[in-house]
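Q: I'll drop the sequence and a predicted model, then ask my questions.
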Amino acid sequence: MGYAADLSFNVFQPTRIVYAAGGLAELALECRRAGIEKACVVTDKVLREKTDVIARVEKALGSRLGAIYDAVIPDTGVEVIDQGAAFAREHGCDGLVSVGGGSAIDTAKAMAIVLTEGGSIRDHQGSMRLQRRQTPHIAIPTTAGTGSEVSVYIVVKDHAAREKMLFMEERVLPDCAILDPTVTTGMPKLLTAATGLDALTHAVEAYTSMNRNPVSDANALHAMRLVARHLPAAVDDGSDVEARGQMLIASTLAGVAFNAAGVGLVHAMAHVIGARHGVHHGTANAICLPWVVRFNADELGARYRDVAEAMGVPNAAALSDEEAGAAAADAIAALNARVGLPPRLRDVGVPEADLAACAAQSLTDGAIVYNGKFAADEELVLGVYKEAF
């Protein structure tokens, strides 16, 4: 896909990426590289009590282990972050090691701000407000989907208001991401599927974003290919280290892509569904993505031709723009079905009576601005919600 002569873009991606089966063994070395002498491990109780992952992290840290904060919950909230920062400070920790999915990594990114800047995370909401390096942070993702280990974004839920606060700060990018597929082998099938579709959504939306560029395109396209090829195997056999590893790579590539290009309407819709109705973010993305592709197709068909090809659609290059959009949407819907994800919003408890309110709230989400086709209109968004219902 070509670009006009006035192309202009910038990419900032300083996170060191360490990939290996057994890469957890590099943790102490990466702590030393990041200047962490006493690490606070940020995780959840399930990982700590039901798996051996945190015990392996403790062993890898050795004398650099300071404390373990295991109060992370899905859709991390203000109180979890503020209490975590106070916990790390009380234990004299000078750095963070997040272990878990997007909620654990986002919790640590937000804790890094509070540890350095003080106050509550509420005090720092916004975009590019930070003026100095934040608390050192090494991320160890145990799911393959969020890309949070390489992104400038933090999503924090205000549980009382049923809203999600979005932060965008270059200075919260983790110093290092350790991608070790052996820590993801215990992921349940549905979580594997949902996080995999989260990665695919990041890739597709970055590839069709208003801010797309050659760097984001390259990462997004390869992420799509990897998800299409390896997600079914990862879902079918949780112990398949090759498939798990390729999905971790896909997630990180997609994270690099959307970090440079942003996301779009799917995320604006999914954020609201998650905040108002507790729908898992990856599942919400999976349901909305095919319908947003169909909505965008009349203007972005040429882009969706590449998406269809990356998804394995035969003879995709010969499709018209209209056919390409339909083929890409169908391929995504088929992948959703193949890995056992629900096809409709009604299937995850979203009431039809609330769709108008969801559409109105979606307009306040910053992601909608970067959708490759204009979507910041309440009736347009409501139409997509109704199609997805």
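A: Here it is on my side, so go on. Values in this document were obtained by computation on a predicted structure and should not be read as measured data. Numbering: from 1, shown residues only.
Q: what's the neighbour count on residue 87?
A: By other CB atoms under 10 Å, 18 other residues sit near residue 87. In this view, the C-beta of every residue, glycine as well, is placed from N, C-alpha and C.
Q: Hmm, I typed the wrong one, I wanted residue 334.
A: 14.
Q: Distance check, it against residue 2.
A: 30 Å (CB to CB, to the nearest Å).
Q: now swap in residue 282 and tell me
A: Applying CB to CB to residue 282 and residue 2 gives a distance of 32 Å.
Q: quick one: contacts for residue 164?
A: 75, 155, 156, 157, 158, 271, 272, 274, 275, 365 (CB atoms under 8 Å, 6 or more residues apart in numbering).
Q: Does it belong to a helix, a strand or coil?
A: Of the three states, residue 164 takes strand according to DSSP: H, G, I helix; E, B strand; the rest coil.
Q: Where does pLDDT dip in this structure?
A: Within the chain, the stretches with pLDDT under 70 are 1.
Q: Would you map out the domains in it?
A: 16-183, 189-388 (automatic domain parsing).
Q: Same list (those domains) but as TSV, adding distance to residue 7.
A: As requested, the domains of the chain are arranged in TSV below (distance: least, CB to CB, whole Å):
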stretch	distance to residue 7
domain 16-183	22
domain 189-388	7
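Q: Nearest to residue 10, out of the ones you listed?
A: Closest to residue 10 of the domains of the chain, according to CB to CB: domain 189-388, at 8.3 Å.
Q: what distance separates that closest one from the centre of its chain?
A: 11 Å (CA atoms, centre = their mean, to the nearest Å).
Q: now do stretch 104-121
A: 18 Å.
Q: Going by neighbour count, list what's buried in that stretch.
A: Neighbour counts over stretch 104-121 (16 or more other CB atoms under 10 Å) mark 104-117, 121 as buried.
Q: how about those residues, which pair is most distant?
A: 104 and 117 (20.6 Å).
Q: Secondary structure element holding residue 194?
A: helix 189-207 (DSSP states H and E).
Q: Could you pull out the buried residues of that helix?
A: 190-207.
Q: and the closest residue to residue 109 other than its chain neighbours, how far is that from residue 142?
A: For residue 109, ignoring the flanking residues on the chain, the nearest one in space by CB to CB, 6 or more residues apart in numbering is residue 172 at 4.4 Å. In this structure, residue 172 lies at 20 Å from residue 142, with CB to CB as the measure.
Q: Check residue 208 too.
A: Taking CB to CB, one finds residue 208 at 29 Å from residue 142.
Q: Please say which of the two ends up with more neighbours.
A: residue 208 (30 against 25).
Q: hang on, isn't that one packed against residue 304?
A: Yes. Residue 208 lies in contact with residue 304 (CB atoms under 8 Å); the separation is 7.4 Å.
Q: list residues touching both of these two?
A: residue 296.
Q: tally of neighbours for the residue nearest to residue 109?
A: Residue 172 sits with 25 neighbouring residues when counted by other CB under 10 Å.
Q: can you pull the contacts of it?
A: Contacts of residue 172 by CB under 8 Å, 6+ apart are 109, 110, 112, 113, 130, 134, 137, 152, 154.
Q: With respect to residue 315, which of the residues you listed is nearest?
A: residue 152 (38.2 Å).
Q: Now do the contacts for the closest one.
A: Contacts of residue 152 by CB under 8 Å, 6+ apart are 12, 168, 169, 170, 172, 173, 259.
Q: hang on, the earlier thing: ok, residue 282 and residue 2, which is more surrounded?
A: residue 282 (28 against 5).
Q: The more buried one reaches residue 194, doesn't it?
A: Yes. Using CB under 8 Å as the test, residue 282 is close enough to residue 194 to be in contact (3.4 Å).
Q: Name the residues contacting each of these two.
A: Joint contacts of residue 282 and residue 194 (CB under 8 Å, 6+ apart) are residue 145.
Q: For the residue nearest to the spatial centre of the chain, which non-adjacent residue is spatially closest?
A: The centroid of the chain falls nearest to residue 146 when counting by CA atoms, centre = their mean (2.2 Å). Nearest in space to residue 146, with sequence neighbours left out and distances taken as CB to CB, 6+ apart, is residue 102 at 3.2 Å.
Q: hang on, that neighbour packs against residue 144?
A: No. Between residue 102 and residue 144 there is no contact under CB under 8 Å: 10.8 Å.
Q: neighbour-wise, which of these two wins?
A: Neighbours were counted for residue 102 and for residue 144 using other CB under 10 Å; residue 144 has more, 33 against 28.
Q: and residue 357, how many neighbours does it have?
A: 13.
Q: Is it located within a helix, as I assumed?
A: Yes. Counting by three-state DSSP, residue 357 is located in a helix.
Q: What are the boundaries of the helices in this protein?
A: Per DSSP state H, the chain carries helices over the ranges 27-34, 45-50, 53-61, 78-90, 102-117, 189-207, 214-236, 241-261, 265-277, 281-310, 321-338, 355-362, 378-388.
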